[in-house]
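J.: everything below, folded, please.
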Amino acid sequence: MLLCLDEMFFHHDPVLVAVEPHSMAGLAGQRGPDRPGETWCTLLEAWPSLERVVSDAGTGLARGVKLLNEARAAASKDPEQPPSDPVQSGFDVFHTEREMQRIVSRRWASAATRLETASQADEQVAKAKQHGIDARGVAGRSRQAWRQAERVFDQALQAETAMNRIKAAVALWRPDGQLHDRAWAQRQRSDTISELGGEEWGKVRRVLQDPRTLNHLDWMQAQMAQAVPDPLLREAVTRLRYWRAEMSRTHGARQVHATHLVVESQMLCQRLCPDWTQTETRVGHIMTDLPPRFEQATPYNPLVSLRLGSRKSGGVSAYILRKLLAVGKGVPNALRIAS
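T.: Predicted coordinates for the structure are as follows:
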């Protein structure tokens, strides 16, 4: 069993939220009284079959999982109690992406301000020349304003490039349609972290350097290996699913290229296994319903994500939405994590 966990606040009271990501069912919405590790541990003890949790890097959540694992370890020493494995913990991608987006947005806002200042300086130079006034002073200020604007613009562009590289490193897919693994993602992550200088990137750097950030890739690889033992067939089926999704959401030359790769991948699947469609079905149960690299291509909209996450049932239950929105303003981050 996997749960996505997070905290929200309603009139300054913490609300502990737990969402099962495959069904998008809200399993917990406990209001108060507090949110330390002991409270989270008590909440999580309600699910003896819990195997994994996905959350942000909150210390209370982490301590709750630690206390739960200690309690399970102590209970396993009793021969009359059934053995239970420790709960594995992983970081969600949503909070990291949101923090990066905040930094990049501030960088672009600063660049826009500098560019506007430089443009106004150019107008002052033009007015001075139009009135026959010595424009050397204002021209110097204009050149300085443009140098500052170009520097801030380059910094914003570098920040956005770094953000996109980090998104690609923690996503499930590589650009060639293969599934990510920890070794590949670590190389991409290490190369990018060195570019994240300054205090504003401190939180992002700490999260990215934590091994739990890439646990979701390990889980995906383990589930895929169990469902499809043959590595060649596993790679062929995953590539087929990737390029099929790419074909349905692209146009022009990119769509033609994706269509060719879909046909090629399907022929390879047929050669490797006559019952490859059953293999694809097993893979489909494991992999998310969202398109590959969804978070990199579409701005986040919680209601859209909810509809995508529950499209098998034709939409989100109005009852569930009313309950969620009644607990606090907006949709809980646990649902965003699950999406």
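J.: which residues of this structure fall in strands?
T.: 2-10, 13-20, 25-31, 52-55, 88-91 (DSSP state E).
J.: quick check, central residue of this structure?
T.: Central residue of the chain (CA atoms, centre = their mean): residue 93, 2.7 Å from the mean position.
J.: contacts only, for that one.
T.: Taking CB atoms under 8 Å, 6 or more residues apart in numbering, we find residue 93 in contact with 167, 170-171, 216, 295. From N, CA and C alone the C-beta is placed, and that goes for glycine too.
J.: could you save those residues as CSV and add columns showing distance to residue 182 and pLDDT?
T.: Below are the contacts of residue 93 laid out as CSV (distance: CB to CB, whole Å; pLDDT from 0 to 100):
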residue, distance to residue 182, pLDDT
167, 17, 84
170, 11, 82
171, 13, 80
216, 10, 85
295, 19, 36
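J.: need the max-distance pair from the residues you listed.
T.: The span of the contacts of residue 93, defined through CB to CB, is set by 167 and 216 at 13.6 Å.
J.: got the domain boundaries for the protein?
T.: Listed domain ranges for the chain are 1-91+299-339, 94-214 (source: automatic domain parsing).
J.: what's the span of the last one, first residue to last?
T.: Looking back up the chat, that one is domain 94-214. Domain 94-214 has its terminal residues 13 Å apart, counting by CA to CA, to the nearest Å.
J.: rebuild the contacts of residue 93 as JSON lines, extending it with neighbour count and distance to residue 265.
T.: Supplementary listing: these in JSON lines, determined by neighbours: other CB atoms under 10 Å; distance: CB to CB, whole Å:
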{"residue": "167", "neighbour count": "18", "distance to residue 265": "25"}
{"residue": "170", "neighbour count": "21", "distance to residue 265": "25"}
{"residue": "171", "neighbour count": "20", "distance to residue 265": "20"}
{"residue": "216", "neighbour count": "22", "distance to residue 265": "24"}
{"residue": "295", "neighbour count": "17", "distance to residue 265": "24"}
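J.: closest one of the residues you listed to residue 35?
T.: Nearest to residue 35 among those, with distances taken as CB to CB, is residue 216, at 23.7 Å.
J.: next up, the contacts around that closest one.
T.: Residue 216 makes contacts with 54, 90, 93, 170, 172, as judged by CB under 8 Å, 6+ apart.
J.: go with 7 Å
T.: Neighbouring residues of residue 216 by CB atoms under 7 Å, 6 or more residues apart in numbering: 54, 90.
J.: and the pLDDT at residue 260?
T.: As predicted, residue 260 sits at a pLDDT of 91.
J.: I meant to write residue 102 there.
T.: On pLDDT, residue 102 comes in at 90.
J.: circling back to that earlier point, between the domains of the chain, which gets the lowest average pLDDT?
T.: domain 1-91+299-339 (a mean of 71).
J.: pLDDT value on residue 230, please?
T.: For residue 230, the pLDDT comes out at 90.
J.: right, so of the domains of the chain, which gets closest to residue 243?
T.: Ranking these by distance to residue 243, with CB to CB as the measure, places domain 94-214 first at 5.6 Å.
J.: counting neighbours, what do you get for residue 64?
T.: Using other CB atoms under 10 Å, the number of residues around residue 64 comes to 28.
J.: relative to residue 89, how far out is the nearest residue to residue 64 once chain neighbours are set aside?
T.: Distances taken as CB to CB, 6 or more residues apart in numbering put residue 40 closest to residue 64, at 2.6 Å, once the chain neighbours are dropped. Look at residue 40 and residue 89: by CB to CB, to the nearest Å, they are 11 Å apart.
J.: more neighbours, these two?
T.: Per other CB under 10 Å, whichever of residue 40 and residue 89 has more neighbours is residue 40, with 28 against 19.
J.: quick one: residue 96 from residue 54, how far?
T.: When distance is defined by CB to CB, residue 96 is 12 Å away from residue 54.
J.: so these two - more neighbours on which side?
T.: More crowded of residue 96 and residue 54, by other CB under 10 Å: residue 54, with 25 against 21.
J.: re earlier: save the domains of the chain as TSV, and put in distance to residue 231 too.
T.: What follows is the domains of the chain, written out as TSV (distance: least, CB to CB, whole Å):
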stretch	distance to residue 231
domain 1-91+299-339	24
domain 94-214	11
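J.: so which of the ones you listed comes closest to residue 258?
T.: domain 94-214 (9.3 Å).
J.: and the closest one, how far out from the chain middle?
T.: 20 Å (CA atoms, centre = their mean, to the nearest Å).
J.: coming back round to it: could the strands of the chain be laid out in a markdown table, adding distance to residue 245?
T.: Formatted as a markdown table, those follow (distance: least, CB to CB, whole Å):
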| stretch | distance to residue 245 |
| --- | --- |
| strand 2-10 | 22 |
| strand 13-20 | 24 |
| strand 25-31 | 25 |
| strand 52-55 | 22 |
| strand 88-91 | 24 |
